[in-house]
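S.K.: how would this look folded up:
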Amino acid sequence: MSFKTTFNKYDWDTLEREIYEISEADVLAVLQKEKIDLNDFKTLISPAAKPYIEQMAQRSNSLTKKRFGNTIQMYIPMYLSNECQNICTYCGFSMTNKIRRKTLSDTEILKEVNHIKSLGYDHILLVTGEANKTVGVSYIKHAIDLIRAHFSNISIEVQPLDQNEYETLISAGLYAVLVYQETYHKATYKIHHPKGKKSNFDYRLETPDRLGKAGIHKIGIGALFGLEDWRVDSFYTALHLKYLQKNYWKTKYSISFPRLRPHQGGIDPKVEMTDTDLVQLICAFRLLDEDVELSISTRESEVFRNHCIHLGITSISAESKTNPGGYSVEPQSLEQFEISDERSTEDIKKMIESQGYEVVWKDWANNWE
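M.R.: As a prediction, the model looks like this:
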């Protein structure tokens, strides 16, 4: 059993046509409903729903406060390596980019950790390029062992792994895994991933299934907006979420909303996603599911991040560096992508608190001691 079976029941072109044929009357009917399903979600992300974003935002805010209270979780990514064996057209770490590669040593990892801890963080996201020989399971497990005592919550965003490999990392103290399909359009996916293990669409598609079977505490999914029509990719993301919740109901889930950002050898978005579009999508996901965590990164601008706090977002990063050693070891090494919001952690904390929200550094439910 895997999501592939469910995925194959849907046709991209048919979904696209249905989304763009939705009428204002369809939207009004959905907004009257108390419980939103996948078909309703399709309606809420349609062009016809755009005039009703304010109504959606108010409802999204109410649902989020009911479930999460006035709290925003803060986390920070730490890049361990920019070595990668894949060719990805949209990534600064792509194998064909002529950059100096770097993988952090134990001493360098701990130096980065000391800086991150000085900022107040207790939730960390470990990130690497996809290079199994250099930064495979043994390296990732060692990194987790090295920093376990310093953080209450450790997540990773690395290459997809096999179920037994995830089980090894979970035993070491891994809490969550973020794995984005990038795009659910198979032909477009192949264009942007022509070489490397990541070119295997089905293996990546079934990664959350392997995570669920391994018993991971939380899975983060999403699409990279700009590669394809964001509306159709978002429907598939929602479809994936609902499938996972049904089959791995003990696991928590999060959705992220990355948009293409500039980087070395970058591509222009095929389909532009405006700020208004992103607001619409965030609200639609909250109306679909009041329990799912919604995360926004420093890819987005100061202005947008200031306003999205009230939309349904539950976690936010700050002061992110997207290069290995970027905090204290080697600040000038190549970034995976350019960040947009460059404010300090303290500035983000003050911004959140000024809007009546409490910053959460530690999730007390996750006590590994």
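S.K.: for the chain, what spans make up the strands?
M.R.: For the chain, applying DSSP state E gives strands covering 71-81, 123-128, 153-157, 176-178, 218-221, 252-256, 293-296, 315-317, 358-360.
S.K.: Give me the contact list for the last one.
M.R.: Around strand 358-360, the neighbours that count as contacts under Cβ atoms under 8 Å, 6 or more residues apart in numbering are 69-74, 349, 352-353. C-betas here are computed from N, CA, C, even on glycine.
S.K.: re the thing from before, let me know which of the strands of the chain is the nearest to H240.
M.R.: With Cβ to Cβ as the criterion, H240 lies closest to strand 218-221 of the strands of the chain, at 5.8 Å.
S.K.: Using PDB, write out every CA atom in the closest one.
M.R.: Output for strand 218-221, consisting of C-alpha atoms alone and laid out as PDB, is shown next (Å, rounded to 0.1, in the frame of the first residue of the first chain):
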ATOM      1  CA  LYS A 218       5.900  14.200  12.300                       C
ATOM      2  CA  ILE A 219       6.100  14.400   8.500                       C
ATOM      3  CA  GLY A 220       6.300  17.700   6.600                       C
ATOM      4  CA  ILE A 221       5.200  17.800   3.000                       C
END
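S.K.: ok, back up a step: to H185, which of the strands of the chain lies closest?
M.R.: Shortest distance between H185 and the strands of the chain, using Cβ to Cβ, is found for strand 218-221: 15.8 Å.
S.K.: Could you measure from L239 over to K218?
M.R.: 19 Å (Cβ to Cβ, to the nearest Å).
S.K.: cool, A25 as well?
M.R.: Here the distance between A25 and K218 works out to 38 Å (Cβ to Cβ).
S.K.: Comparing the two, which shows the higher neighbour count?
M.R.: Relative neighbour count places K218 above the other of A25 and K218, with 19 against 9, counting by other Cβ atoms under 10 Å.
S.K.: List the residues that contact the more buried one.
M.R.: By Cβ under 8 Å, 6+ apart, K218 lies in contact with 155, 175-177, 251-254, 293.
S.K.: L174 versus that one, what's the distance?
M.R.: Distance, K218 to L174, by Cβ to Cβ: 10 Å.
S.K.: Now the common contact residues for these two.
M.R.: Common neighbours of K218 and L174 are listed as S155 (criterion: Cβ under 8 Å, 6+ apart).
S.K.: D233: what's its closest spatial neighbour, skipping adjacent residues?
M.R.: Of all residues beyond its chain neighbours, the one nearest D233 is A223 (3.9 Å), with distances taken as Cβ to Cβ, 6 or more residues apart in numbering.
S.K.: burial of the one you found, as a residue count?
M.R.: With neighbours defined by other Cβ under 10 Å, the count for A223 comes to 25.
S.K.: Tell me who's in contact with it.
M.R.: Under the criterion of Cβ under 8 Å, 6+ apart, the contact partners of A223 comprise 180-184, 230, 233-234, 236-237.
S.K.: hang on, the earlier thing: just the buried ones from the contacts of strand 358-360?
M.R.: When neighbours are counted using 16 or more other Cβ atoms under 10 Å, the contacts of strand 358-360 contain these buried positions: 72-74, 349, 352.
S.K.: all helices for the stretch 151-300 of the chain, in order.
M.R.: Taking DSSP state H, counting those that start in this stretch, the helices of the stretch 151-300 of the chain run over residues 163-172, 186-192, 201-205, 207-214, 230-247, 275-288.
S.K.: Dump the first one to CSV, keeping only the CA atoms.
M.R.: Provided in CSV are the C-alpha atoms of helix 163-172 (Å, rounded to 0.1, in the frame of the first residue of the first chain):
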residue,chain,number,x,y,z
GLN,A,163,12.2,2.5,6.0
ASN,A,164,14.9,0.8,8.0
GLU,A,165,17.1,3.8,7.7
TYR,A,166,14.4,6.1,9.1
GLU,A,167,13.9,3.6,11.9
THR,A,168,17.6,3.9,12.7
LEU,A,169,17.4,7.7,12.9
ILE,A,170,14.2,7.7,14.9
SER,A,171,16.0,5.5,17.5
ALA,A,172,18.7,8.1,17.6
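S.K.: Other residues contacting it?
M.R.: Applying Cβ under 8 Å, 6+ apart, the set of residues contacting helix 163-172 is 137, 140-141, 144-145, 148, 156, 161, 174, 177, 210-211, 213-217.
S.K.: what residue is smack in the middle of this structure?
M.R.: What sits nearest the mean C-alpha location of the chain, by Cα atoms, centre = their mean, is S256, with 3.3 Å.
S.K.: looking at it, that residue is touching E300, isn't it?
M.R.: No: with contacts defined as Cβ atoms under 8 Å, S256 does not count as touching E300, sitting 11.0 Å away.
S.K.: hmm, back to that, out of the helices of the stretch 151-300 of the chain, nearest to L44?
M.R.: Of all these, the one in closest proximity to L44, counting by Cβ to Cβ, is helix 275-288 (4.0 Å).
S.K.: so where is this structure shaky, pLDDT-wise?
M.R.: 85-88, 90-99, 261-267, 331-339, 363-369 (pLDDT under 70).
S.K.: And for it, the residue most distant from the center?
M.R.: Within the chain, A25 marks the point farthest from the mean C-alpha position, 32.7 Å out by Cα atoms, centre = their mean.
S.K.: on that earlier part again, biggest separation within the contacts of strand 358-360, which pair?
M.R.: Of all pairs drawn from these, the widest gap by Cβ to Cβ lies between G69 and K349 and measures 17.1 Å.
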